[in-house]
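> Kindly return the folded structure for what I paste below:
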Amino acid sequence: MNTPNKITIGRIAATPIIAWLIYQPGLYARWSTFLLFVAAAISDVIDGNLARDKDEITRFGQLLDPIADKLLVLVTFVPLYGIGLLPLWLVILVLGREILITVFRRFALSRGQVIAASGWGKSKALVQNWFIGSVLVWRINLAYVERGAAGGAWQHWEGYTLAVIAVGMWFVIVLTILSLIDYLVGYRHLWSRPAA
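Take a look at the predicted model:
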């Protein structure tokens, strides 16, 4: 097994820990969640770059990497909704898209086609990670408020964090929809191809 695939498996292994940490109270757990999530998100960029630079792109990696990305979304969006930091409709939109694309990838595979991440899909994943990271920073902010953080500078930082979350959410919505359309239209020829 090559290094990029090992990194991808490591990202998958980190996902249940991230989900568990989100439900844990306290400042330490919130910082741990954020740092582990950032490490997992960065690993997504690293494994892809390594695979391309070392010419180690494999069929296994092409199948595994999207699964790892979807797991990271699942174990953050659902718990963040569970603790009241994300609206249900956004979770349904994002996870519904991921489920639909996963089913479509399986359908494509049955017809001998491996669907790798597209430019729109990669942009969507990047923006989702940015958005999730911002929400996790907001959780850290809330812990500091509980500890008595106040003042003009702190209020400015809180406002900035909320603004980043608001902008990020709209980018997530748009790219979630556009990337779905891109996959379905780009591989529409599969509907007429017989099963392999």
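> which stretch of helix or strand covers residue 68?
helix 59-82 (DSSP states H and E).
> Could you list the buried residues of the least confident helix or strand in the chain by mean pLDDT?
Counting by mean pLDDT, DSSP states H and E, the chain has its least confident helix or strand at helix 59-82, which shows a mean of 84. For helix 59-82, a neighbour-count test (16 or more other C-beta atoms under 10 Å) marks 61, 64-66, 68-77, 79-81 as buried. The way it works is simple: take the backbone N, C-alpha and C, and place the C-beta from them, glycine included.
> Tell me how far that helix lies from the chain's centre.
Relative to its parent chain, helix 59-82 has a centroid offset of 6 Å by C-alpha atoms, centre = their mean, to the nearest Å.
> Same question for stretch 57-64.
How far stretch 57-64 lies from its chain's middle: 18 Å, per C-alpha atoms, centre = their mean.
> Which residue, other than its chain neighbours, is closest to residue 23?
residue 79 (6.0 Å; C-beta to C-beta, 6 or more residues apart in numbering).
> just checking, that neighbour touches residue 19?
Yes. The criterion here is C-beta atoms under 8 Å, and residue 79 meets it with residue 19 at 5.3 Å.
> packing partners for the longest helix anywhere in the chain?
What stands out as the longest helix in the chain, according to DSSP state H, is helix 152-186. Judged by 3 or more C-beta pairs under 8 Å, 6 or more residues apart in numbering; DSSP states H and E, the packing partners of helix 152-186 are helix 88-110, helix 119-146.
> now for the shortest one, which elements pack on it?
Okay, so that is helix 88-110. helix 59-82, helix 152-186.
> Could you pull up the mean pLDDT of the longest one?
Per-residue pLDDT values across helix 152-186 average out to 88.
> Now do it against helix 59-82, angle only.
Taking axes from the mean of the first three to the mean of the last three C-alpha atoms, to 10 degrees, one finds helix 152-186 and helix 59-82 inclined to each other by 130 degrees.
> In terms of helix, strand or coil, where does residue 55 fall?
Three-state call for residue 55 (DSSP: H, G, I helix; E, B strand; the rest coil): coil.
> Could you check how many residues crowd around it?
6 (other C-beta atoms under 10 Å).
> Could you report the pLDDT at it?
At residue 55, the pLDDT value in this model is 71.
> I'd like to know which of the helices and strands packed on helix 152-186 is closest to residue 163.
Residue 163 lies closest to helix 119-146 among the helices and strands packed on helix 152-186, at 9.5 Å (C-beta to C-beta).
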